[in-house]
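**Q** Requesting a structural model of the entry that follows:
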Amino acid sequence: MVTNPTSPIRPLTVYKASAGSGKTFTLATEYIKLLVANPQNYHQILAVTFTNKATEEMKQRILSQLYGIWNELPDSQSYAAKVEAETGLGAAVVRQRAGIALHLLIHNYHQFRVQTIDAFFQSVLRNLARELNLTANLQVGINGVQVESLAVDMMLENLKSSDPMLQWLLGYIMENIKDDKGWTNSDTRNNTLLHDIKYFGCTIFHDDYKTHREILEEVMQRDGFIESYVKQLHDVAQDAEKCFRQTSESFFETLEDNNLTMADLPYGKSGVAGLFVSIGNGKYEEDIIGKRALACLESADNWASKKHPRRQEIIALAESKLIPLLRFVIENRESKWKIINSSRLTLSHLNNLRLLHSIEQTVKQINEESNTFLLSDTQHLLHELIGESDTPFVFEKIGAQLRHVMIDEFQDTSTIQWENFKILLQECMSHGESRDLIVGDVKQSIYRWRSGDWRLLNDIERQFPSNMMQVESLQTNYRSQRNIIDFNNTFFTTLAKQEYDDLTEEDINGAASLEHAYHDVCQQVPDTKPDQGYVEIQLLPTEDYSQHTLELLTSRISQLLDEGVRQSDIAILTRTNTVIGGIANYITGELPDVNVVSDEAFRLDYAAPVNLIVDALWLLAHPNDKLVKAQLVKNYHQLILDDVSWTQRDCLLATKDLDEMLPEPFVNGMKELIQLPLLELAERIYDIFSLHRVTSQSAYVCKFFDILSDFAMDNSTGIEAFIDYWNQDAHKKTIQSDQVEGIRILTIHKSKGLEYDHVIIPYCSWKMEMDDTLWCHPQVEPFNQLPVALIDYSKRMRESIYASDYEEEHLQLTVDNLNILYVAFTRASKSLFVIGKRQSAKTRSSQIMKVLPQIADHLAGSTIEGIEDEETNVVFTYGTPATHTQKTQKRSDNVFLQIPTPLEVSMKTFRQNTQFRQSNKSMEFVADENDEETLTAQSYIKMGNVLHHVFSTIRTVDDIERALLELEQEGIIYDQEITTARLKDMLRKRLQDSRVKAWFSPSWTLYNECTILSTDDNGHVVERRPDRVMSDGERFVVVDFKFGRPKPEHQTQVKEYMDLIRKMGHSQVEGFLWYVYTNKIETV
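**A** Next up, the predicted model:
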């Protein structure tokens, strides 16, 4: 590669890529540069990202641009120019090598390592199964929540009256009653105790818990620890409270001894006396010490009014007894209250910790019994192994020597993922030719709830020596129009400074990290972009806020549609999915011609055929459930019989027997149906109810059967078990569809990585801080006897031993909220509409309101109205709406960028009665014993078939025993003519030849009976399948087994195989014919 000779090449480049700055272009170009430098590099590159969608996008981008560069297509001109400039190679060389690299990738697609970080670590895990004591047939479980739910059910079912778990559950219930709250989110449908416990139990999958679970488990299992710990914390808290209580009592006894009451002191209960009332009532917060109490501490004169007849007596009493009591309270309040408060916070969830431990143990038991390993455990298990072993040993197990690593969306990486991955990256960086890449944007880190840690990228300079790493910023925004970019530059510069100032004023440690994260927020605008783009922010009064938001939303949609904007170019972004249904329903009611598209619209439980199958399954298990039967009748008549007049109420009130309204095979065949395996049962229901007639929803039905098949494979196949899974999780699964024309409505989190011409953000007034629990680390005796504690997040933490934990979480929430707003605002290309609420303290709108006047001052041409009048909307505008032209999607000549043609998918079921018959495999080897004329010839052929089968299924000599045993079990080796002993003897003699023995050594990478695809002169796909292909990484060896006489076409056949492998880019190819009976080997 050509580089600046004055600057040394550093192995790691970190790109900080702001929104719309061409991150995917940069990644793809860097990948292509490595391939152009050496087309064989493909098997030494690992590129990881965080979603399957991003993985597929990256693969398509690389393949399509290699094709475009190779064929000099206009779509790839910018890629080709950049590759030529940065490699110093001529256009012809770049084109040639791009073609070679594309050819190699297509023919070695399994080595095209662009994958999710989870998929990568799963491959490492499987290769380390032996070291981790995992079985070879281990199943990887993705749905940990489902397992956790089952674990809670098992725990509750097995409870006995003497079980300590019962007391913990009662403690959990009492805490929820006392706090008048549960652990559930506001959008959950069931606020039952069982649901709350399951929701809280999912904490076992969080990284914070996993990091400390071993030490927590050790402490929890100590005999009497919990009881002793609780007693110590109660004792220290009670001592502190007793001290305050005695002080309060002394104060009022002193007054009483001197025939005084609170009324004799200035302001009565509202004055200094109120402080002693508060501590007597158990209130010790900072706000109990007011200005009047402080004034009384400064001077005894302030203890009595000037007109009080006993003024001098009161002043003397204050100097001698009352002021010392006041001073004691003020000087000791903070330390005593910290003990009391810390004790209350620590003990509040102690029962919950015990519940977590029990839930995790039950989950572990379920996984062991089902031979399942949860995906969520992968990172921590690998981290433990890496910490104990040699680095190269761990990562060599992935089966390849990597030289180049690329990490996309680095801001979403968790600490544990990074600690695991960093070792691999350092190993690659140690090689001289390594070119590694990290790409991310701190400002788009919005997945902290999935353990993403923005600080990793923010502080990346501290991770590696400066001579090993260079940091570059991608600062030009190619996505949005000029006015959108200018607005976002000004808005987020101002808002980030405001947030920083607020944190500094609160004396929050780490405020500087927020300032650093947004120091590069201003983006450059390409010179070619005209002054276009429009921004509108409206903050509405509190009264009827929700209704007015919906009205304004539909007004803006109508305005855009009237201007000629396509529905698919409009997106509505929300903070959570709880408001999506209401928005969609309102738009549909007010604008019937508008189609609203959301992930909710593609959920399985929105598909009538799927619901019909589920209802039929439920009815088979609960035949007396009249409500479900009525619903099934209604759906059957409306969906299949086109009788839309039926309602569920009509079904329930009908005098006609409901069974007569259902298909006769279903009603009369219930006993037989319920005995079928679950998957076959669902297929029979599909057939009985004639669901093949509903062709418009086949995609939903196919997805449902995929889920049902996976469930039946991994779980109990009973109807009840599947219905539970359906109700808990499966009903929320969605189908993939990008073909629907309509306004897209989605959450901000799901919009990340996407762009839309016109973005509307309603309800931009979400709370900045939500109720949550934190994992904290007590550092003070006796609290630190518990290594980690679950603490409710609130400002109360500031006056406890958990003050630093509060400050850390407060900073994190500030960054989270700022980043969410940044992601939302930067999705817009042409126009941005924001609707929030004015006079809404501690919400996103309040911060927007605070900075809007400053934005208006800085942006020339912007307007702001309604600031002074609290009864009207605050309206901010900037720019002018652009003229809209209909976009037409050009057809590309790139074969990887063809517009897909949707295909109608139909599903058919076929009944198959069970029959006992000879296995297909054994039939291939057995002749008709009544045919005496062919028996000898067939015996000869049978021996050849058996040997061919053995050679095609074994990798090394050690596999022969297993292969012969499988043939015995299949009924293939069963007579006295072809016995296992005879076969072993023949194989032993044949393997005495050194060449044959070498072919069956473990040193090869083996391709047994693998199909090679090619095309003939007419473009038709042709399949070729050599018997055995071996490779040592450099040399390929083709061996074809023959059991008859040599023929000329045998040589031609092997030559064809060799030519196909050479066309794949492998130059060293050897070919052999092995005539097994004569043990003759011919070189081809």
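**Q** ok, how many other residues are close to Asp569?
**A** 18 (other C-beta atoms under 10 Å). Every residue, glycine included, has its C-beta placed from N, CA and C.
**Q** I'd like to know how many residues surround the nearest residue to it once chain neighbours are set aside.
**A** Closest residue to Asp569 apart from its sequence neighbours, by C-beta to C-beta, 6 or more residues apart in numbering: Asp757 at 4.1 Å. By other C-beta under 10 Å, 21 other residues sit near Asp757.
**Q** Shouldn't Asp757 be within a strand?
**A** Yes: assessed by DSSP: H, G, I helix; E, B strand; the rest coil, Asp757 belongs to a strand.
**Q** from what I can see Gln463 touches Leu425, true?
**A** No: under the criterion of C-beta atoms under 8 Å, Gln463 is not in contact with Leu425, lying 9.4 Å apart.
**Q** the more surrounded of those two?
**A** Leu425 (22 against 17).
**Q** Which helix or strand contains the more buried one?
**A** Assigned by DSSP states H and E, Leu425 belongs to helix 415-429.
**Q** Go through that helix and flag the buried ones.
**A** 415-421, 423-429 (16 or more other C-beta atoms under 10 Å).
**Q** what's near enough to touch the spatially most central residue of the chain?
**A** In the chain, the C-alpha closest to the average C-alpha coordinate belongs to Arg450, at a distance of 6.6 Å (C-alpha atoms, centre = their mean). Arg450 sits next to 412, 414 when contact means C-beta atoms under 8 Å, 6 or more residues apart in numbering.
**Q** State the pLDDT value of it.
**A** Looking at Arg450, its pLDDT is 83.
**Q** and what of the one 10 residues further on?
**A** On pLDDT, Ile460 comes in at 93.
**Q** for the residue nearest to it when sequence neighbours are not counted, helix, strand, or coil?
**A** Closest residue to Ile460 apart from its sequence neighbours, by C-beta to C-beta, 6+ apart: Val14 at 5.5 Å. Of the three states, Val14 takes strand under three-state DSSP.
**Q** Is Val14 bridged to anything, and to what?
**A** Assessed by DSSP bridges, Val14 has beta-bridge partners Ile438, Val471.
**Q** Tell me how far the residue nearest to the centre of the chain lies from Thr51.
**A** Separation of Arg450 from Thr51 (C-beta to C-beta, to the nearest Å) stands at 11 Å.
**Q** and Asn577, how many neighbours does it have?
**A** Residues lying near Asn577 (other C-beta under 10 Å) number 16.
**Q** Run through the bridge partners of the residue lying closest to it once chain neighbours are set aside.
**A** Nearest non-adjacent residue to Asn577, counting by C-beta to C-beta, 6+ apart: Thr747, 5.4 Å away. Bridge pairing for Thr747 (DSSP bridges) gives the partners Thr574.
**Q** Tell me if I'm right that Val230 and Leu347 touch.
**A** Yes: look at Val230 against Leu347 with C-beta under 8 Å: they come within range, at 6.4 Å.
**Q** which residues does Val1039 contact?
**A** Contacts of Val1039 by C-beta under 8 Å, 6+ apart are 999, 1026-1030, 1071-1074.
**Q** Return the subset of the residues you listed lying in strands.
**A** 1028-1030, 1071-1074 (DSSP state E).
**Q** still on that earlier bit, weed out the non-buried ones from the contacts of Val1039.
**A** Among the contacts of Val1039, those classed as buried by 16+ other C-beta under 10 Å are 999, 1026-1030, 1071-1074.
**Q** if we take those, which one ends up nearest to Thr576?
**A** Using C-beta to C-beta, Val1029 comes nearest to Thr576 of these, at 54.1 Å.
**Q** and the residue lying closest to the closest one once chain neighbours are set aside, what are its phi and psi?
**A** Using C-beta to C-beta, 6+ apart and skipping the chain neighbours, the partner closest in space to Val1029 is Tyr1007 (4.1 Å). For Tyr1007, the backbone dihedrals are phi -120, psi 90 (criterion: degrees, to the nearest 10).
**Q** From His107, how far off is Tyr1007?
**A** 12 Å.
**Q** go on, Tyr478?
**A** Distance, Tyr478 to His107, by C-beta to C-beta: 34 Å.
**Q** relative to its centroid, which residue of this structure is most remote?
**A** Distance from the C-alpha centroid of the chain, by C-alpha atoms, centre = their mean, peaks at Pro309 (74.2 Å).
**Q** which SS class is that residue?
**A** coil.
**Q** Select, from the contacts of Val1039, the two members most distant in space.
**A** Top of the distance list for the contacts of Val1039 (C-beta to C-beta): Met1030 and Leu1073, 15.1 Å.
**Q** Now distance to Leu619 and pLDDT too, for the ones in strands among the contacts of Val1039, in TSV please.
**A** Conversion of the ones in strands among the contacts of Val1039 to TSV gives the following (distance: C-beta to C-beta, whole Å; pLDDT from 0 to 100):
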residue	distance to Leu619	pLDDT
Arg1028	55	89
Val1029	54	91
Met1030	57	91
Gly1071	63	94
Phe1072	64	92
Leu1073	64	92
Trp1074	62	88
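**Q** Just give me the closest of these to Arg827.
**A** Using C-beta to C-beta, Val1029 comes nearest to Arg827 of the ones in strands among the contacts of Val1039, at 49.2 Å.
**Q** mind listing what that closest one touches?
**A** Here Val1029 is in contact with 1006-1008, 1010, 1036-1039, 1057, 1061 (criterion: C-beta under 8 Å, 6+ apart).
**Q** now with 7 Å?
**A** Counting by C-beta atoms under 7 Å, 6 or more residues apart in numbering, Val1029 touches 1007, 1010, 1036, 1038.
**Q** Likewise for Leu125?
**A** In this structure, Leu125 makes contact with 378, 382, judged by C-beta under 7 Å, 6+ apart.
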